[in-house]
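Enquirer: Below is the structure, and that's it, no one-letter string:
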């Protein structure tokens, strides 16, 4: 087995990483957030893909798959969002009834199988590791959810998102959504019990929603006609449909890379040609698919709050066979949101543009979903973006791709002030082409505008505009391509219509200033010290200990200590700690009259690692740590600090004395937040302690 440290290092990589996953990440337990402010500069949600085909209303358990995005595991008491990302049936006949069955060649069927956008919050009652497992929830589900691959219908997919709960939250950088990958991602959810300070920052889910159809070079199928609404991907003609609520096509533009979703057609009866499934744009149907596939048309634009635009007409023959526009998601509400549909690809036989091989004719992705909820106020100025992607315009004598639609944004501020927020959920611009002489080729359709809900007026710059169509032949004409329609903006949302977060916390006067767990100088006891402020209605404290950072047990109590001071200090001696040894975790529960309570943060301590004890405190640390160890005789020892990649950040040698030794390290304040490894070495063998840095 390889080792993490190259110089005198003996700690195995695999066992270390397993230990980290099972301890430090799992220690991020939450119930009601403690008073205080938290700063984030990246997304803090964790995204679990569904691993259960059907979950019916009333169900209390969901099987989840392995996490790709996020590092904090679901723990008991956590809030989770269950959201159906895809789920709609379509009429899959090769006629103008394709889609919704009404003769427009676009859309989806409104029936009992229409699940897309369904969402609700729930409270977890157990822990789920990042590798997946069964999630149990407190109350039965209100809705049913489905996770099934392509077959008679297109793909159905839902995900479960861990939603951290903050008291006061401050943004210190751009918060970018993780990209939708067909199973998870595409959504940002921020929730604060008190305030969210946007701090002039941006929350961005632009182009991270449903993906565009992937462009491919074809030279004729030997069959087919420009009237086809649907053809299979292996026919060697036409353009690919985009991704949307009704499914995921076989070939995709996945973050400007070509992706073959191997072995799946993705949509019933085929994933190519001009029919637009659900809110996705249709691929262009070539004006001459049977012979040469050279009568290139444009891809249709994706949709959400507004319809997408039509793809442009065929070269030379000027036939209106470009991709049909994605359809408006008419069931949208403050408790039912979907991502923007992806654009369809144009048809290409020359493979012009960059990247080559026809990929430049691809459609682009729609915007994702952003939800921001503050139970008091959203302060500062800020921008929220969920725009659709602009299609490629480097194409020459080929059809261009359709653009992605704007995504969905929901904003709630309990004080009714949101005029400090600029929201964009615009449709993208369809792809253009530059013709080297001769007749025009089909440009791409524009993406439809997105959906925005807020409970009060937004900044005047806010927009859900539809995207413009692409142009052709020296930007002289749209040649049959059309722009996307404007989306939906609601600025008088009734908060009762939102999906409700089941976190009913009374804002308590008491709050924790600090907590630490430190082995006593004499050894044999771990002292748990905590400081609190404003004990207005405090009745007492319960001290809890855990060996895994997840499952805590009460080990003692402390009564409320009458004081005339605003701040108060407590200490509890855990006499049994050294008998357990290893890594121990502590937290304190403050109880109040009326049954209310809050938890302190979790702290850890390492016990029983060296000849006497080896511990680091405080842990988590902010600016410095003190290393505490005992020696049986005077001896030189080395201390080394590593990051999780095994890179040595600092090293120092000390002359230790017999008995108790305490060494202070003042380098912690310069380190980014995260997990580090402090190695203690006395010439015999190294011992390693994990240090969690939290500024």
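Expert: Perfect, I can see it now. Treat the numbers as computed from the prediction; the structure is a model and nothing was measured. Numbers count the residues shown, from 1 in each chain.

Enquirer: Provide the secondary structure category for the residue nearest to residue 167 when sequence neighbours are not counted.
Expert: With sequence-adjacent residues excluded and distances taken as CB to CB, 6 or more residues apart in numbering, residue 167 is closest to residue 33, at 4.2 Å. Heads up, the C-betas are built off the backbone N, CA and C, glycines and all. Secondary structure for residue 33, judged by DSSP: H, G, I helix; E, B strand; the rest coil, is coil.

Enquirer: burial of residue 33, as a residue count?
Expert: 22 (other CB atoms under 10 Å).

Enquirer: need the contact list for it.
Expert: Counting by CB atoms under 8 Å, 6 or more residues apart in numbering, residue 33 touches 165, 166, 167, 192, 193, 505.

Enquirer: Would you mind measuring from it to residue 600?
Expert: In this view, residue 33 and residue 600 are 12 Å apart by CB to CB, to the nearest Å.

Enquirer: Same check on residue 413?
Expert: Distance of residue 413 to residue 600, given as CB to CB: 29 Å.

Enquirer: repeat for residue 280
Expert: Taken as CB to CB, the span from residue 280 to residue 600 is 48 Å.

Enquirer: neighbour-wise, which of these two wins?
Expert: residue 280 (47 against 23).

Enquirer: is it true that the more buried one touches residue 240?
Expert: No. Using CB atoms under 8 Å, residue 280 makes no contact with residue 240, being 10.1 Å away.

Enquirer: What segments of the stretch 551-695 of the chain are strands?
Expert: Remark: strands assigned in the stretch 551-695 of the chain by DSSP state E, counting those that start in this stretch are 553-559, 567-574, 582-592, 597-599, 603-607, 614-617, 625-631, 635-642, 648-656, 659-665, 674-681, 686-693.

Enquirer: In TSV: the ones you listed, plus mean pLDDT, mean neighbour count and distance to residue 327.
Expert: Shown next, in TSV, are these (pLDDT from 0 to 100; neighbours: other CB atoms under 10 Å; distance: least, CB to CB, whole Å):
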stretch	mean pLDDT	mean neighbour count	distance to residue 327
strand 553-559	92	13	55
strand 567-574	91	16	60
strand 582-592	85	21	51
strand 597-599	79	21	47
strand 603-607	79	24	53
strand 614-617	72	22	59
strand 625-631	79	20	58
strand 635-642	83	17	54
strand 648-656	83	13	55
strand 659-665	80	14	61
strand 674-681	79	19	45
strand 686-693	75	19	49
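
Enquirer: Export those strands to a markdown table and append columns for distance to residue 431.
Expert: Below are the strands of the stretch 551-695 of the chain laid out as a markdown table (distance: least, CB to CB, whole Å):
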| stretch | distance to residue 431 |
| --- | --- |
| strand 553-559 | 61 |
| strand 567-574 | 63 |
| strand 582-592 | 54 |
| strand 597-599 | 53 |
| strand 603-607 | 54 |
| strand 614-617 | 57 |
| strand 625-631 | 55 |
| strand 635-642 | 48 |
| strand 648-656 | 47 |
| strand 659-665 | 56 |
| strand 674-681 | 41 |
| strand 686-693 | 46 |
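
Enquirer: Of all these, which one is nearest residue 387?
Expert: In terms of CB to CB, the element of the strands of the stretch 551-695 of the chain nearest to residue 387 is strand 674-681, at 31.6 Å.

Enquirer: Quick one: work out the angle between that closest one and strand 635-642.
Expert: 160 degrees (axes from the mean of the first three to the mean of the last three CA atoms, to 10 degrees).

Enquirer: what are the pairing partners of strand 674-681, and which direction each?
Expert: Sheet pairing of strand 674-681 (DSSP bridges) gives strand 635-642 (antiparallel), strand 686-693 (antiparallel).

Enquirer: Could you check the ones you listed and tell me which one is nearest residue 482?
Expert: Of all the strands paired with strand 674-681, strand 686-693 comes closest under CB to CB, at 53.9 Å.

Enquirer: orientation of the closest one relative to strand 582-592 in degrees?
Expert: Using the same axes, to 10 degrees: strand 686-693 against strand 582-592 is 30 degrees.

Enquirer: circling back: same list (the strands paired with strand 674-681) but as JSON lines, adding distance to residue 111.
Expert: What follows is the strands paired with strand 674-681, written out as JSON lines (distance: least, CB to CB, whole Å):
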{"stretch": "strand 635-642", "distance to residue 111": "57"}
{"stretch": "strand 686-693", "distance to residue 111": "51"}
